[in-house]
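**Q** Fold the following for me, if possible:
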Amino acid sequence: MSAPCIVQSVPPPPEGGVWPVVIVGAGAAGLMAGVFAGRCGVRALLLESRPKPGAKIRVSGGGRCNVLPSVVELDDFATEGSRNALKNVLASWPLKECRAFFERDLGIPLKVEDTGKVFPVSDDPAQILDALFSELGRNGAQIVGGVRAEELTPLAPEAADGARFELQLSPTARVRARSVVLATGGLSLPKTGSDGWGYTAAHKLGHTVLRRYPALVPLASLEQRWAELAGISLPTTVSALRGEKLLGARTGDFLFTHKGFSGPVVLDQSRLVTGPDHDGVELAASWLGLGPAEWDLKLQKGGARSVLLFLRDLLPRRMVSLLIDFARVPADRKLSEMTREERRRLVHVLGQCPLSIVGDEGYRSAEVTGGGVALDEVSTKTLESRLVPGLYFCGEVLDVIGRIGGFNFLWAWVTGRKVGLALAAPRGET
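**A** Numbering: from 1, shown residues only. Just a heads-up that it's a prediction; the model follows:
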C-alpha cells in the first residue's frame, strides 16, 4: 500500500514542534477522525501499530468490507451507559448521510445484499481505504505505520507552545500534541493490531474502563454431540433467558461448528452470555424460527408419518437423528401415536432447544470488544473526555457494541466524524 500519506517514520510536526492532533489508531474511526479534522483545516498525525493501516477494514465481511448496514435502529446497539447518550451520538450523522459520504464524497458505489449488509459494488476493501487515504493526503495528514504508542502523558500546566500531551513511541520517538484521539480499537482480532492499549491509557488518566469481554463471538457447547452437525446452517431464532424471563431474541442464520455454534444469530446473542450480566443466562434455539406452539401444531398435522420421515422433510437429515435422540422419542413412532410426554419432549427440542454454553472462542475470533471507556465520562457533543481536556475517544474503545452486519463500522464512522469536527471547533464552543 503506497498512499502518499503513509510513512514509516515519525515526521517533524508542521509548526512549533507541536502537532495540532495526534490520532492513535488508523482503523475506521481514526481514519474518519483524520478526514474530518483535515476538512476543517486541522492537520493530523495518525499512529498505527501495524505496517499497513486499516486491517479490520480489509478483513471485514469475508474480505469484502461490510462498510454499513442498510437500516439501523437504536436496539441494534448495546451499552452499559445511557441509551439517550448513545442515541444522540448516532443521530449526529444519520445512516443516509453516512452512506452518501461514501458514495458521493468518496465516489464509491455501494450495494445492499439480501442480508441487509452494505458492501462496495467492487467487493474490494482497498477501494474504501484508498479513498480515505486520498482524503487524508489532500489535507496534509500523515499516517505512521509500524509505530506503537507506549505512554501518554498530559502536560500540566499547558506548555507555552500549546502542547497539552506528550506521547512516548516505540522505540525512542516522542511527539507533542495539542489534542490526542484514542481510536485504538479493543482487544478483538489481535492479529489486526488490537491490543487494548487505549484502555490502559484511559485508565491511567482516571477514566472508568468497564469490564471488557469478547462480543460477536462463536460459542463453545457443553454438549459435544453437536459437533457431529458441523457445517450445517439453517434459519433459527435464538432466545436468551434468565429463568423464565426472556431477555431478548434474534432470528437469523445459525451455524454448527466443531466446537459449538456460530453464524450471525449466535454472534448477535453471544454478548448476553459473555457480558457482565451473564450470570444465569441461557440460550435456546427455535429451529426454523418456529416456537413451541408452531412446532406442536405442525406435529399435530403430521398424521400417520413417522417422526423421522416427517422431520426429514423440514430439517437437515443429520440434525433430525440427533434431535430425535435428544427428545428420547423412537424414530419410527408415528406422529399420531406419540404419547403426550413424547410430544412434549419433541416440541421442546424443536421449539426451545437448550444450547448449553461452556465458553467462547475468545478475542482471537471475536469481531468486537464489549465494555470499554464509560460513555458518561465523555461529552456526547464532542466525545472529548470530561476528565482530561483535549483527550478524545472514538470507535470500539468506547463502551458501545453493535450487531453484526456493518453496525460497528457505522459506530466507528459516526464517532470518528464527530471527533474530527470537534477538533476544529474553537475551545469553549464544543
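
**Q** ok, H258 - contacts?
**A** Going by Cβ atoms under 8 Å, 6 or more residues apart in numbering, H258 touches A227, A230. Placement of C-beta: from N, CA and C, glycine included.

**Q** so it sits in a helix?
**A** No. Applying DSSP: H, G, I helix; E, B strand; the rest coil, one finds H258 to be coil, outside a helix.

**Q** Name the residues of the helix or strand hosting K96 that are buried.
**A** Assigned by DSSP states H and E, K96 belongs to helix 95-100. Counting neighbours by 16 or more other Cβ atoms under 10 Å, one finds that the buried residues in helix 95-100 are L95, C98, R99.

**Q** would JSON lines of the residues you listed with pLDDT be doable?
**A** Shown next, in JSON lines, are those (pLDDT from 0 to 100):
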{"residue": "L95", "pLDDT": "98"}
{"residue": "C98", "pLDDT": "98"}
{"residue": "R99", "pLDDT": "98"}
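
**Q** Which other helices and strands does the helix or strand following the helix holding K96 contact?
**A** Proceeding N to C from helix 95-100, the next assigned helix or strand is strand 110-112, under DSSP H and E. Helices and strands touching strand 110-112, by 3 or more Cβ pairs under 8 Å, 6 or more residues apart in numbering; DSSP states H and E, are strand 117-120.

**Q** give me the low-pLDDT residue ranges for this structure?
**A** Residue ranges of the chain with pLDDT under 70: 1-2, 4, 15, 158, 426-430.

**Q** domain ranges for it?
**A** What the record gives for the chain is the domain set 6-214+367-424, 219-360, from automatic domain parsing.

**Q** can you give me the end-to-end distance of the longest one?
**A** This points to domain 6-214+367-424. One end of domain 6-214+367-424 sits 23 Å from the other (Cα to Cα, to the nearest Å).

**Q** hmm, back to that, as CSV, the buried residues of helix 95-100 with distance to G263 would be great.
**A** As requested, these are exported to CSV (distance: Cβ to Cβ, whole Å):
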residue, distance to G263
L95, 24
C98, 27
R99, 26
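
**Q** can you tell me which of those residues lies nearest to R328?
**A** Using Cβ to Cβ, L95 comes nearest to R328 of the buried residues of helix 95-100, at 48.5 Å.

**Q** roughly how far apart are that closest one and L216?
**A** 19 Å (Cβ to Cβ, to the nearest Å).

**Q** again with D195
**A** Noted for D195: a distance of 18 Å to L216, by Cβ to Cβ.

**Q** so how far is stretch 269-284 off the chain centroid?
**A** Here stretch 269-284 is found 17 Å from its chain centre; the criterion is Cα atoms, centre = their mean, to the nearest Å.

**Q** Stretch 413-422 too?
**A** 18 Å.

**Q** swap in stretch 34-54?
**A** Averaging C-alpha positions (Cα atoms, centre = their mean) puts stretch 34-54 21 Å from its chain's average.

**Q** cool, stretch 342-361 as well?
**A** Using Cα atoms, centre = their mean, the offset of stretch 342-361 from its chain centre is 27 Å.

**Q** Buried residues of it, list them for me.
**A** Along stretch 342-361, these residues count as buried under the neighbour rule (16+ other Cβ under 10 Å): 342-343, 345-353, 355, 357, 360-361.

**Q** can you check stretch 100-117 too?
**A** For stretch 100-117, using 16+ other Cβ under 10 Å, the buried residues are F101, F102, L106, I108, L110, T115, K117.

**Q** Start and end of it, how far apart?
**A** 16 Å.

**Q** so where do the helices sit in the protein?
**A** For the chain, applying DSSP state H gives helices covering 28-39, 55-63, 83-91, 95-100, 125-138, 197-204, 264-274, 292-300, 307-312, 317-327, 340-351, 407-424.

**Q** If you compare the directions of the longest one and helix 264-274, what angle comes out?
**A** Taking axes from the mean of the first three to the mean of the last three Cα atoms, to 10 degrees, helix 407-424 and helix 264-274 form an angle of 70 degrees between their directions.

**Q** Who are the packing partners of helix 407-424?
**A** helix 28-39, strand 68-69, helix 83-91, helix 95-100, strand 174-182, strand 391-393, strand 401-402.

**Q** Packing partners of the last one?
**A** Using 3+ Cβ pairs under 8 Å, 6+ apart as the contact criterion, the elements in contact with strand 401-402 are strand 77-78, strand 368-373, helix 407-424.

**Q** who wins for proximity to S286 among those?
**A** Closest of the helices and strands packed on strand 401-402 to S286 is strand 77-78, at 21.9 Å (criterion: Cβ to Cβ).

**Q** and for the closest one, what are the contacting residues?
**A** Applying Cβ under 8 Å, 6+ apart, the set of residues contacting strand 77-78 from outside is L86, L90, R271, G370, V400, I401, G402, R403, F407, W411.

**Q** In its sheet, which strands sit next to it, and in what direction?
**A** Strand pairing for strand 77-78, determined by DSSP bridges: strand 401-402 (antiparallel).

**Q** Off-centre distance for the partner strand?
**A** Relative to its parent chain, strand 401-402 has a centroid offset of 5 Å by Cα atoms, centre = their mean.

**Q** likewise stretch 309-318?
**A** Computed by Cα atoms, centre = their mean, the chain-centroid distance of stretch 309-318 equals 35 Å.

**Q** CA atoms of that stretch as PDB?
**A** Taking Å, rounded to 0.1, in the frame of the first residue of the first chain, the C-alpha atoms of stretch 309-318 are listed here in PDB:
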ATOM      1  CA  LEU A 309     -39.700 -39.000   7.900                       C
ATOM      2  CA  PHE A 310     -41.800 -36.000   9.000                       C
ATOM      3  CA  LEU A 311     -38.800 -34.100  10.300                       C
ATOM      4  CA  ARG A 312     -36.600 -35.100   7.400                       C
ATOM      5  CA  ASP A 313     -38.900 -33.000   5.100                       C
ATOM      6  CA  LEU A 314     -38.100 -29.900   7.200                       C
ATOM      7  CA  LEU A 315     -34.700 -30.200   8.700                       C
ATOM      8  CA  PRO A 316     -31.200 -31.400   7.600                       C
ATOM      9  CA  ARG A 317     -31.000 -35.200   7.900                       C
ATOM     10  CA  ARG A 318     -28.000 -35.400  10.200                       C
END
